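Asks: Next one to model:
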Amino acid sequence: MGEVKGINLVTEKPQIDPNMLFLYLEELRGMQERQEARSKALENKKEKKAAKLKSQHLKVLIDYLDEDFAETKKA
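Replies: Okay, the predicted model is just below:
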């Protein structure tokens, strides 16, 4: 991913163009659902917490993309 236009991994904070993320919205939804299910299935507290945190972060990203690209999705 480092050589893809719209993605910058060499700065202090990695940057990705939201338009690029929008292209992967459905894959992100699937990842979020899998992490949610994984967090419920795991018994190890540390792994369970990590999976839940990943699920929450993906949910925030998905909510942002849904809101920001609502007009694009209508078209």
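
Asks: Can you give me the neighbour number for the residue lying closest to residue 68 once chain neighbours are set aside?
Replies: Spatial nearest neighbour of residue 68, excluding adjacent residues (C-beta to C-beta, 6 or more residues apart in numbering): residue 18 at 6.4 Å. For glycine as for every other residue, the C-beta is placed from the backbone atoms N, C-alpha and C. Other residues lying near residue 18 total 12 when counted by other C-beta atoms under 10 Å.

Asks: quick one: contacts for residue 18?
Replies: 64, 65, 68, 69 (C-beta atoms under 8 Å, 6 or more residues apart in numbering).

Asks: Could you check how far the most centrally placed residue in the chain is from residue 51?
Replies: For the chain, residue 58 is the residue whose C-alpha lies nearest the centre (C-alpha atoms, centre = their mean; 3.7 Å). Relative to residue 51, residue 58 is positioned 11 Å away (C-beta to C-beta, to the nearest Å).

Asks: what is in contact with those two at once?
Replies: Listed as contacting both residue 58 and residue 51 by C-beta under 8 Å, 6+ apart are residue 35.

Asks: Would you check that residue 55 makes contact with residue 39?
Replies: Yes: here residue 55 reaches residue 39: they are 5.8 Å apart, a contact under C-beta atoms under 8 Å.
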